[in-house]
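Chemist: Make a model of this:
(4 chains)
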Protein chains: 2
Amino acid sequence: MVESFTTAKSPAALDQIFHALSDRTRRSILRDVTRSEKTVGELAEPYRMSLAAVSKHLDVLERASLIRRERKGSCRMVRLNPKPLAAAQNWLAFYEKFWSDQLDSLQAHLEKEAETEEKR
Amino acid sequence: MVESFTTAKSPAALDQIFHALSDRTRRSILRDVTRSEKTVGELAEPYRMSLAAVSKHLDVLERASLIRRERKGSCRMVRLNPKPLAAAQNWLAFYEKFWSDQLDSLQAHLEKEAETEEKR
DNA sequence: AAAAGATTCAACCAAATGGTTGACAAGCTT
DNA sequence: AAGCTTGTCAACCATTTGGTTGAATCTTTT
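Modeler: Numbers count the residues shown, from 1 in each chain, chains lettered A, B, ... in the order given. Now for the predicted structure:
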C-alpha cells in the first residue's frame, strides 16, 4: 500500500508547520481566517503590533502553506489552507495510544507490535 | 460543563509544545523514548552532535513537559510524558472539518454554527 | 497625473535558538 | 581516595526570530 499523502510529509515540512504553530499570534490568525478570507489589515487590527509585523507572521504561515495570499483589488486576501495541518495531526496521532490512560490496551498494543517484529 | 483538561491548556503551554515539536531532532527523540525509557547517552548516540547539544534538546522537551528525566544510578533515564501532546492534538482537531474535502458537510457545519450564533 | 490606501520591502535591533568546547559534578569501580 | 563514566553547566558563536520604522510598490480614486 502506498503511503498516504499526509504521512509522506517531509520532516522539513513538519518543521515549518510546527514552527508556524508555535506562536500564539499565528495560531490566533489561523483561527481568524477559518470562517472566511480576510484582508491583511483586518487580520492585523486586533493585535498591538505593526502591520509589517503581522505581514511577517503571514510569511511564516505561508511558508508552511497554511495560508494563501492573493491580490483582490487593492487588498490582499488571506485564506486558510488547512490541509498541511493534517500532517501535523497525523504525526501526533501516533502518540494517542500513549496518552490514553487505558494502560491495558497500551500493553496489548505493545505486545501486538512485538509479535509483528518477531516476524520480520 | 467544565472545560476538559486538554482544552484548558494555556497559550504559553501550547507555544512550548509546538516549539518543542518544530525540530526534527526533538521529534525523533520523542519517538526514541516511546517504547521504553532510555539514557541520555543512548538517545544521543544516533545523532551527529555533541551530548551537550542533545541535553539541550532534552531541556526544551522537558520545559514542554513532554519528557521527564530522573537519575537512576549514574545515568539519567528519560521517559516520555505524552499527555501534553493531547493539548496540541486538541488544538488541531478544530481544523479537521476544514481539511476534509467533504465541502458539503463543512457547509452544513458552518450553517449550523451561524444558527447558534444568532441565538446568542 | 496626482493623491490616497493597502501591503510589502529593507534595514535595523534585541532576544532566542541550536550548536560548539571545556570545566564541573555525581555515582560507580577499583 | 583515585579514577572512570555519565551528564550538565557556562561561556561563546552564528543564525533565526519577532519586533520596529521608513521607503517603495501596486491599485483605485480623483
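Chemist: quick one, what contacts residue A:60?
Modeler: With contacts defined as C-beta atoms under 8 Å, 6 or more residues apart in numbering or on different chains, the neighbours of residue A:60 are A:19-20, A:23, A:26. Backbone N, C-alpha and C define where each C-beta goes, glycine included.
Chemist: Secondary structure class of the spatially most central residue of chain A, three-state.
Modeler: Per C-alpha atoms, centre = their mean, the C-alpha nearest to the average position across chain A is that of residue A:85, at 3.2 Å. With DSSP: H, G, I helix; E, B strand; the rest coil as the basis, the three-state label of residue A:85 is helix.
Chemist: Can you get me the start-to-end distance on stretch A:29-37?
Modeler: Separation of the first and last residues of stretch A:29-37 by C-alpha to C-alpha, to the nearest Å is 11 Å.
Chemist: Which of the helices or strands spans the closest residue to the residue nearest to the centre of chain A other than its chain neighbours?
Modeler: Take residue A:85 and drop its neighbours on the chain: the residue closest to it by C-beta to C-beta, 6 or more residues apart in numbering or on different chains is residue B:95, 4.9 Å away. Taking DSSP states H and E as the definition, residue B:95 sits inside helix B:83-99.
Chemist: Check residue A:70 too.
Modeler: Secondary-structure assignment from DSSP H and E places residue A:70 in strand A:67-72.
Chemist: Whether the very next helix or strand once past that strand contacts DNA strand C - can you check?
Modeler: Per DSSP H and E, strand A:67-72 leads on to strand A:75-80 as the next helix or strand towards the C-terminus. Yes. Shown here: strand A:75-80 in contact with DNA strand C (C-beta under 7 Å from any atom of the strand) through A:75-76.
Chemist: Give me the sheet partners of strand A:75-80 and which way each runs.
Modeler: strand A:38-39 (antiparallel), strand A:67-72 (antiparallel) (DSSP bridges).
Chemist: Residue A:74: neighbouring residues, count only.
Modeler: A count of nearby residues for residue A:74, using other C-beta atoms under 10 Å in any protein chain shown, gives 6.
Chemist: Spell out which parts of chain A neighbour DNA strand D.
Modeler: Applying C-beta under 7 Å from any atom of the strand, one finds that chain A approaches DNA strand D through A:19, A:22-23, A:25, A:48-50, A:52-53, A:56-57, A:60, A:71, A:73-74.
Chemist: which ones among these are found in helices?
Modeler: For those, the ones inside helices are A:19, A:25, A:52-53, A:56-57, A:60, with DSSP state H as the criterion.
Chemist: The closest residue in space to residue A:38 that isn't next to it in sequence and DNA strand D: what is the separation?
Modeler: With C-beta to C-beta, 6+ apart as the criterion, residue A:38 has its nearest non-adjacent residue at 5.7 Å, and that residue is residue A:78. In this view, residue A:78 and DNA strand D are 16 Å apart by C-beta to the nearest atom of the strand, to the nearest Å.
Chemist: returning to that earlier point: buried ones in the strand holding residue A:70?
Modeler: A:67, A:69 (16 or more other C-beta atoms under 10 Å in any protein chain shown).
Chemist: One more: stretch A:12-28?
Modeler: Within stretch A:12-28, the residues that qualify as buried are A:14-23, A:26-27, counting by 16+ other C-beta under 10 Å.
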